[in-house]
Structures are given as C-alpha cells and as structure tokens.
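**Q** structure here, sequence nowhere to be found:
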Ligand code: SF4
C-alpha cells in the first residue's frame, strides 16, 4: 500500500510550484491542486449504517473525541502548510456538536480565517446546521451514497432520503456551499445505481464534489464485502467532470478506512482537489497527535 506522506508532499509541491507535471488536466482553470484535510473530531454516532466504521453497533471501533485544543493546533498546522480546507468529520451526534464542538469551530474560524471550514456531519436538524454556519462553517459536505431507495434503506436503516433533500435546502438558504459526497463501491450498490446516484448528485448543483472509495471496515455488517475497484473511482470522477466542468472535484482516501489512492490518476480523471486524512500529515503534526492521544488516555 502506498503511504500517504509522499502523496501529501507531492500535492504540497504542486501547490507551491505549479510548473510540476502534477496539475489538473481540467477543472476551473486551476494551475495547482486544491488541498483539503479531513479531521475526524468525534467518532461517536447514534446511527447504525451497515458499511460505516462509526456505526453504533461496531464494537471494534475505538470511540474517540479529539481534544478541542487539538483542533485549534491542527488548524494552525494546516494553515501554515498551505491547506485550503479543513473538513470537520464526525458521526451523527448533535448533542456533542452543540455542547462541545460549535464553540471550538467558531474559535478556529476567528483565529484562522484563511482556512476554510467544511462540516461533514450529515443531515442534521436545521438549528444545528444554522449554528454551524454562524460559527464560520462555509461549506457542508452531504453524502448522497445511493439514490436507490432499497439500497439506501439497507445501507442506512436509520437514514431518510427526504432528510437529505431537506438538509440541502437549509444549506442553500444559509448561503453556504453545498458539497455532495459519494463513496464509490458501497456493498450491493450496482454499477447502474452508482451512476444514477451521480446523476442525482449533479442535479443538486453542488459547489463542490467529494469522491472517496469504499473499503470494508472491521466490525461493520459489511466487513466481508469486496473492496471497491479503483477504476470505478476514476469513472465516477470523469462522469462528474463531464457534467460539471467548472466545479471543484476532490478525491482521496476515505475518512476512516485509509486506502490511499494514486493522486496522478485521480487528477487525470478530472479531480482538481486532493483529500487527505490529517493522520497523513508530516511527522511533527502526527507526533503532536500521538502525544495528545496519550494524554487523553492518561487522563
Ligand atoms: S454513515 Fe454517518 S450516520 Fe451512518 S453510522 Fe457512519 S457516521 Fe453515522
């Protein structure tokens, strides 16, 4: 498996030195790659999706909440490394969002205004989405996953397709950017259903698109499913790119499963942004994280 760090270094190089061979072949006229870092701030979730490592019933998943001060430290590190976006990822946990995270997100926004914040928190209640927006979140990543009602219900027994549409309307009304996300290769989702989902995602007229690849997560109900073929990711990116020539499309490893993808092939397919997990950051940031985790465990 290819480690993430060389990818990050390559992407950093491309941002700082746009004359390298690694540059978007299409997209909104960019000569360097958009860089987005995912920070998992809280892995607790009240829902129980069949494929997701964060699912409530997954006893293998260590439940972890980042120390809020770590969030601020990582934001500083990302800004100094030239990252464009920090994506705040967490399970469906509105109580933790309201009680803990929203004030810290606001602090990050105030102290690091040049780092744009994207929330990947699912189709939350209107009050939560609005509070996040007020705290400085400028984009919401909403996963479409599968537009087929049968597959959707099987994969997300507590989810509701109409909840997603309602959330999209709230996000639009708030003036925030809508980012549609698609995890490619979810178990039982056919090729036709995948591209039907792509068409539906395009119909939402997103400001950005995020594409990641499914990998079976330990302890999930789909843990024995086959990993998705990487070629499918390229096909999906190309389909988005053909229909949305001016929209940023970012792609990379999925958040909790760590399957690095080849950056150059993603860019060739039409991606103009690279999505990396904060755990793939250079050594000094990782070291800080490990120390923080040890502190959390100790206390
Ligand atoms: S997909 Fe989202 S809602 Fe479902 S278990 Fe995972 S984090 Fe929770």
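**A** Perfect, I can see it now. Keep in mind that this is a model prediction, so the values were computed, not measured. Numbers count the residues shown, from 1 in each chain.

**Q** please make it C-alpha for all contacts and neighbour counts, starting now.
**A** Fine.

**Q** tell me if stretch 111-119 is near the ligand.
**A** No: contact between stretch 111-119 and the ligand is absent, the nearest approach being 12.4 Å (criterion: C-alpha under 6 Å from any ligand atom).

**Q** where do the strands of this structure begin and end?
**A** Secondary structure of the chain (DSSP state E): strands located at 34-42, 85-90, 116-120, 139-143, 177-184, 208-213, 248-252, 273-277.

**Q** measure residue 86 to residue 112 for me?
**A** Taking C-alpha to C-alpha, to the nearest Å as the measure, residue 86 falls 11 Å from residue 112.

**Q** who has more neighbours, these two?
**A** Legend: neighbour count by other C-alpha atoms under 10 Å for residue 86 and residue 112, higher for residue 86 (24 against 16).

**Q** give the contact list for the more buried one.
**A** By C-alpha atoms under 8 Å, 6 or more residues apart in numbering, residue 86 lies in contact with 36-39, 75, 78, 115-118.

**Q** columns pLDDT and distance to residue 188 on top of these, output as a markdown table?
**A** Shown next, in a markdown table, are the contacts of residue 86 (pLDDT from 0 to 100; distance: C-alpha to C-alpha, whole Å):
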| residue | pLDDT | distance to residue 188 |
| --- | --- | --- |
| 36 | 85 | 29 |
| 37 | 85 | 29 |
| 38 | 84 | 27 |
| 39 | 85 | 28 |
| 75 | 90 | 37 |
| 78 | 85 | 37 |
| 115 | 94 | 37 |
| 116 | 95 | 35 |
| 117 | 97 | 33 |
| 118 | 96 | 29 |
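
**Q** which of those lies closest to residue 226?
**A** Nearest to residue 226 out of the contacts of residue 86 is residue 38 (C-alpha to C-alpha; 24.6 Å).

**Q** residue 276 is in contact with that closest one, correct?
**A** Yes: at 6.1 Å, residue 38 counts as touching residue 276 under the criterion of C-alpha atoms under 8 Å.

**Q** ok, back up a step: pull up the overlap in contacts between residue 86 and residue 112.
**A** Common neighbours of residue 86 and residue 112 (C-alpha under 8 Å, 6+ apart) are residue 75.

**Q** residues of stretch 101-120 that come out buried?
**A** 101-109, 112, 115-120 (16 or more other C-alpha atoms under 10 Å).

**Q** between which two of these is the distance greatest?
**A** 112 and 120 (19.0 Å).

**Q** that older thread, which one of the strands of the chain lies nearest to residue 133?
**A** strand 139-143 (8.1 Å).

**Q** that closest one close to the ligand?
**A** No: residues of strand 139-143 are not located near the ligand by C-alpha under 6 Å from any ligand atom, the shortest gap being 8.5 Å.

**Q** check stretch 38-54 too.
**A** Yes: judged by C-alpha under 6 Å from any ligand atom, stretch 38-54 and the ligand are in contact via 45, 47-49, 52, 54.

**Q** quick one: end-to-end distance for that stretch.
**A** Terminal residues of stretch 38-54 lie 15 Å apart, using C-alpha to C-alpha.

**Q** cool, and stretch 38-50?
**A** Its first and final residues considered, stretch 38-50 spans 22 Å by C-alpha to C-alpha.

**Q** how about residues contacting that stretch?
**A** Applying C-alpha under 8 Å, 6+ apart, the contact partners of stretch 38-50 are 54-57, 62-66, 71, 86-93, 154-158, 220-222, 255, 275-278.

**Q** all helices of the stretch 151-299 of the chain, in order?
**A** 161-174, 191-203, 230-243, 263-269, 283-298 (DSSP state H, counting those that start in this stretch).

**Q** out of those, which one sits most buried?
**A** Mean neighbour count (mean count of other C-alpha atoms under 10 Å) peaks for helix 263-269 among the helices of the stretch 151-299 of the chain, with a mean of 20.

**Q** packing partners of that one?
**A** helix 230-243 (3 or more C-alpha pairs under 8 Å, 6 or more residues apart in numbering; DSSP states H and E).

**Q** give me the angle between the helix it packs on and strand 208-213.
**A** In terms of direction (axes from the mean of the first three to the mean of the last three C-alpha atoms, to 10 degrees), helix 230-243 departs from strand 208-213 by 170 degrees.

**Q** what's the angle from helix 230-243 to strand 248-252?
**A** Computed by the same axes, to 10 degrees, the angle separating helix 230-243 from strand 248-252 equals 170 degrees.

**Q** got a list of contacts for helix 230-243?
**A** Helix 230-243 has contacts (C-alpha under 8 Å, 6+ apart) with 27, 184-185, 195, 198, 202, 211-213, 247, 249, 261, 265-266, 269-271.

**Q** ok, and of those residues, which contact the ligand?
**A** Applying C-alpha under 6 Å from any ligand atom to those, none is adjacent to the ligand.
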